[in-house]
Each structure stands twice: as structure tokens, then as C-alpha cells.
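Student: Next one to model:
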Amino acid sequence: MATGWLGWSPEVAWRTPLPELFLAMDARIEWAQMTNPFGGKPSGSKEKPKPSTVAEKLRQVLTGRQA
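Tutor: Below is the predicted model of the structure:
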């Protein structure tokens, strides 16, 4: 995720703590939604996911297991 989707070098990716990686991923998603010329999520009530939810979803993706 860090080297591909975020475009970080491998050295930076390995040295970055997971909470910072999660924040960077959230920021990248938010930026992509804000700059999407074809629309995106409605700008109505934005509910930010809890950090534990983000961590759990990432864990599911990386391990291939469902909760």
C-alpha cells in the first residue's frame, strides 16, 4: 500500500509507524474523493470512521480473512 498506492519509497514505508500509515491512507482517500471530477460521495453528513474500524478493515484486506 505505501510503496504502490501512496507512492512512498520502500525505506520510508518500512520506517513509518502504522498509525501514520493509516492517517496517510485516509488522507489519500479523502483527497481522491474531493478531486474526483465525476462526483463521489455526497458532501452531506460525513461520518469519519473510527480508527479501530479502519485498522480492522486493513487487517481483513491484508490477511484475507473476514470478521
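Student: I'd say M1 and M25 touch.
Tutor: Yes. In this structure M1 lies within contact range of M25 using C-beta atoms under 8 Å: 6.6 Å. To be clear about C-beta, it is placed using only N, CA and C from the backbone, and glycine gets the same treatment.
Student: so what's the most centrally placed residue in the chain scoring on pLDDT?
Tutor: Nearest residue to the geometric centre of the chain (C-alpha atoms, centre = their mean): M25, 2.8 Å. pLDDT, M25: 86.
Student: What helices and strands are in contact with whichever strand or helix holds it?
Tutor: Following DSSP states H and E, one finds M25 within helix 18-34. The helices and strands touching helix 18-34, judged by 3 or more C-beta pairs under 8 Å, 6 or more residues apart in numbering; DSSP states H and E, are helix 51-63.
Student: how close does V54 get to P10?
Tutor: 23 Å (C-beta to C-beta, to the nearest Å).
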